[in-house]
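[1] give me the fold of what follows.
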Amino acid sequence: MAKVKIAIVGSRFQADCIAGAVRAMPEEGEVIDAAGFAQRHGIPRAHTDYRELLRDPDVEMVSITAPNRLHAQIAIDAAKAGKHVVCEKPLCLTL
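    Numbers count the residues shown, from 1 in each chain. Model (predicted):
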């Protein structure tokens, strides 16, 4: 089975969780784009505008970890671009 090529939109706590989970299963997936923390995680590409990464034919799945107020538009745009979308509510760090 081919690896799923994943892009992460966002760069904070949840993005770190997603990148770590993908790294734990290297035979099944690989993060190929993650703006904001690519160097820290050894990710080969990074875009500063998520619309650019949606045009990348190598990206198959988008994990949205951006601030909640941005989720809807990013998810809609990713779906329209034909990408698989993972959008989940992040864990709370405070009450």
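
[2] quick one, helices of the protein?
    With DSSP state H, the ranges of helices along the chain come out as 13-23, 38-41, 50-54, 71-80.

[3] hey, least reliable of those by pLDDT?
    When the helices of the chain are ranked by mean pLDDT, helix 38-41 comes last with a mean of 74.

[4] can you list contacts of it?
    With contacts defined as CB atoms under 8 Å, 6 or more residues apart in numbering, helix 38-41 is touched by 16, 19, 23, 31, 34, 44-46. Glycine gets a C-beta too; all of them are placed from N, C-alpha and C.

[5] picking that back up, out of the helices of the chain, which is closest to Val86?
    Shortest distance between Val86 and these, using CB to CB, is found for helix 13-23: 7.9 Å.

[6] starting at the chain centroid, how far to that closest one?
    Helix 13-23 has its C-alpha centroid displaced from the chain centroid by 9 Å (CA atoms, centre = their mean, to the nearest Å).

[7] re earlier: tell me which of the helices of the chain sits nearest to Ala7.
    Checking the helices of the chain against Ala7 by CB to CB gives helix 50-54 as the closest, at 4.9 Å.

[8] what's next to that closest one, contact-wise?
    With contact meaning CB under 8 Å, 6+ apart, helix 50-54 is reached by 7, 9, 33, 35, 47, 59, 62, 66, 74, 77-78, 81, 83.

[9] got the buried residues for that helix?
    Residues of helix 50-54 classed as buried by neighbour count (16 or more other CB atoms under 10 Å): 50, 53-54.

[10] between these, which is closest to Ala2?
    Among the buried residues of helix 50-54, Leu53 lies closest to Ala2 (CB to CB), at 19.3 Å.

[11] so what's that closest one closest to, chain neighbours aside?
    Using CB to CB, 6 or more residues apart in numbering and skipping the chain neighbours, the partner closest in space to Leu53 is His47 (4.3 Å).

[12] relative to Ile6, how far out is Ala78?
    To Ile6, Ala78 is 12 Å away according to CB to CB, to the nearest Å.
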